[in-house]
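In: Turn this into a model:
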Amino acid sequence: MIAFHEFLRRVRDVVGYTQQNVADVLGLDRSTYSYYETGKTEPNIRGLKTLAKLYDLSIDDLLYCRYRPIGTTVRSEEPKDRPLTELAQMRYLDRDEMFLVMSLRKTWDKAGFLEHVRSFEDHPPEGDTDEL
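Out: As a prediction, the model looks like this:
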């Protein structure tokens, strides 16, 4: 089983956050957060709750170093040869795609937002030559 501090680094790296990004979310100095990833210290309960929310994991999954996002329908561990594959795709989003993802996370009407986005699948805006 992977060590907790290694799991923190791995998940952060795959998502594409910097240590500073995560430290800012936790309200810490970057150097303090880096101690979490080296195993010198561990986050307190408040930090664990924040990290679990940031990575969309339960606290149990975070503590047991399992990547099983809460929002997915299948909650099984990823094969060792393909760890964190769905999360890894986030790293390759371009700026516009990231904007859409962040807009979705901030909206109250996620179902309406998704319905609107899906309406473009069959009928892209005029002049748009890119495939969706």
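In: What is the least confident helix or strand in this structure?
Out: helix 85-88 (a mean of 49; mean pLDDT, DSSP states H and E).
In: Next secondary structure element downstream of it?
Out: Moving toward the C-terminus from helix 85-88, the next helix or strand (DSSP states H and E) is helix 95-106.
In: how many degrees apart are the next helix or strand after that next one and helix 95-106 in direction?
Out: Per DSSP H and E, the first helix or strand lying C-terminal to helix 95-106 is helix 110-122. Calculated by axes from the mean of the first three to the mean of the last three Cα atoms, to 10 degrees, helix 110-122 forms an angle of 150 degrees with helix 95-106.
In: List the buried residues for helix 110-122?
Out: Residues of helix 110-122 classed as buried: none (neighbour count, 16 or more other Cβ atoms under 10 Å). (Glycine included, C-beta is placed from N, CA and C.)
In: do the same with stretch 96-113
Out: Here stretch 96-113 shows no buried residue, counting by 16+ other Cβ under 10 Å.
In: Just list what the strand or helix carrying residue 53 packs against, helices and strands only.
Out: If you go by DSSP H and E, residue 53 is part of helix 45-54. The contact analysis (3 or more Cβ pairs under 8 Å, 6 or more residues apart in numbering; DSSP states H and E) places helix 45-54 against helix 19-26, helix 59-63.
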